[in-house]
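1. what shape does this take:
(one chain, ligands or ions: 2)
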Amino acid sequence: MLTLTFLGVGSAFAKRNHQSNLLIEAWEQGPDHQAQPDDLLLVDLGGLGPQALYQLKDRPGFHYLRHGSQINYPMLRRIFITHQHADHIGGLEELALCNMYLFTDPQTGKGFKPQIISALPVLVNLWDDSLKGGMGAVPGRPALLQDYFFIMALKSHRQRYDHFNLLKHYRFEIFPTDHILIERKYDWPSYGLYITDTRSNQSVFFSGDTKFDYPAYATMMQAAKICFHDVQLFDQPEPVHPLISELRTMPAEVKKKTLLYHYGDDWDSGPFDYVPHEFAGFAQPQQRYVLFS
Ligand SMILES: [Zn+2]
Ligand SMILES: [Zn+2]
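-> Ligands and ions are numbered 1, 2, ... in the order given. Model (predicted):
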């Protein structure tokens with residue numbers, strides 16, 4: 001079984017629903033039979049991510065994320081990064097420093113090191129432009145990204161995109177997203193995930209952050225059993241997320257299986273009451289969605 005839980009479902013500036021980061025859990029049996037999953041993946045950890053984890057750990061079924069009254073960071077063994085905005089990476093410094101200074105890996109006797117996974121351009125920029133400021137030194141010496149993480153750098157050639165697996169049979173394929181265009185499409189690195197259960201060949205689409213680009217995603221979204229798509233509820237010239245009016249132009253059968261996330265704090269103020277009828281609805285925070293049973 002593979003389950004997906006949003007730590008939060010909010011936009012970069014939301015205050016009511018944390019930020020759109022994911023906990024994906026892979027189970028041999030399932031959460032009704034096991035106290036903790038056999039493998040898991042965190043997808044992004046924004047500035048509000050630690051606060052969201054702090055709440056999630058006290059919910060039924062997530063107590064394995066507790067360490068005393070704190071977050072059991074070493075449980076989060078693998079982290080995939082979609083792109084470099086602070087609502088997706090702003091919590092990484094806390095995670096890394098807690099792992100290094102508050103926890104010990106019994107196998108090495110040193111701090112705990114999770115695996116960080118992304119396309120190479122994201123990883124290079126992530127360290128040089130973002131994390132190095134707060135994490136570039138440990139007592140007595142300079143430090144590098146590999147002092148905190150085991151690094152898995154994925155290739156992102158034009159035609160074929162790399163993948164990684166959870167529990168052997170769940171394949172996570174990355175694809176580029178047109179989130180922010182500088183001069184050419186995809187020139188600012190940002191990625192989504194296409195998740196396949198290789199035993200049943202069922203799949204799930206997760207957009208990451210992107211502008212509206214249905215033609216690029218149509219094949220994946222039509223094939224997927226569930227789609228998760230970011231959305232922006234207010235109009236804006238040159239948006240970097242799909243406007244709700246743009247997503248409404250997708251085919252009805254695609255909308256019906258699409259849950260919207262990365263939404264602003266006014267989702268329940270009235271004007272968007274059509275969403276649960278036209279789409280699969282607004283994704284809910286801190287509740288498990290079963291992707292593959
Ligand atoms: Zn975002
Ligand atoms: Zn973004």
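2. how close does Y261 get to F6?
-> From Y261 across to F6, the span is 6 Å (CB to CB, to the nearest Å). For the C-beta atoms, the positions are set from N, CA and C on the backbone; glycine is no exception.
3. list phi and psi for the residue in the stretch 151-293 of the chain that ligand 2 sits nearest to.
-> Using CB to the ion, the closest approach of the stretch 151-293 of the chain to ligand 2 is made by D209 at 3.5 Å. Reported as degrees, to the nearest 10, the phi and psi values for D209 are phi -90, psi 130.
4. hmm, H83 and it touching each other?
-> Yes. Contact criterion CB atoms under 8 Å: D209 and H83 qualify, at 6.0 Å.
5. any shared contact partners between these two?
-> 177, 179, 190 (CB atoms under 8 Å, 6 or more residues apart in numbering).
6. let me know whether the last one touches T177 as I believe.
-> Yes. At 4.8 Å, S190 and T177 qualify as touching, with contact defined as CB under 8 Å.
7. give me the common contacts of the two.
-> Contacts common to S190 and T177, judged by CB under 8 Å, 6+ apart, are 82-83, 208-210.
8. tally of neighbours for the residue in the stretch 151-293 of the chain that ligand 1 sits nearest to?
-> Of all residues in the stretch 151-293 of the chain, D209 sits closest to ligand 1, at 4.5 Å by CB to the ion. Using other CB atoms under 10 Å, D209 has 25 other residues around it.
9. and K257, by the same measure?
-> Neighbour tally, K257, other CB under 10 Å: 16.
10. what sits against D197?
-> So D197 contacts 2, 169-170, 203, 291-292 (CB under 8 Å, 6+ apart).
11. give me the lowest-pLDDT entry from those residues.
-> The weakest per-residue confidence within the contacts of D197 falls on H169 (94).
12. right, and that one touches R199 too?
-> Yes. With contact defined as CB under 8 Å, H169 reaches R199; the gap is 5.2 Å.
13. between the two ends of stretch 153-173, what distance do you get?
-> Stretch 153-173 has an end-to-end distance of 13 Å (CA to CA, to the nearest Å).
14. for stretch 219-229, same thing?
-> Note: stretch 219-229 ends 15 Å apart using CA to CA.
15. buried ones in it?
-> Using 16 or more other CB atoms under 10 Å as the test for burial, stretch 219-229 gives 220-221, 224, 226-229.
16. show me where the stretch 151-293 of the chain has its strands.
-> Ranges of strands within the stretch 151-293 of the chain are 163-166, 170-176, 191-197, 202-206, 226-230, 258-261, 281-282, 288-292, based on DSSP state E, counting those that start in this stretch.
17. quick check: closest non-adjacent residue to the residue in the stretch 1-150 of the chain positioned nearest to ligand 2.
-> Taking CB to the ion as the measure, the point where the stretch 1-150 of the chain comes nearest ligand 2 is H85, at 3.6 Å. Leaving out its chain neighbours, the residue that sits closest to H85 by CB to CB, 6 or more residues apart in numbering is A12, at 6.3 Å.
18. quick one: pLDDT of the one you found?
-> The model's pLDDT for A12 equals 93.
19. verify the stated contact: it with A86.
-> Yes. Contact status for A12 versus A86: in contact at 7.4 Å, counting by CB under 8 Å.
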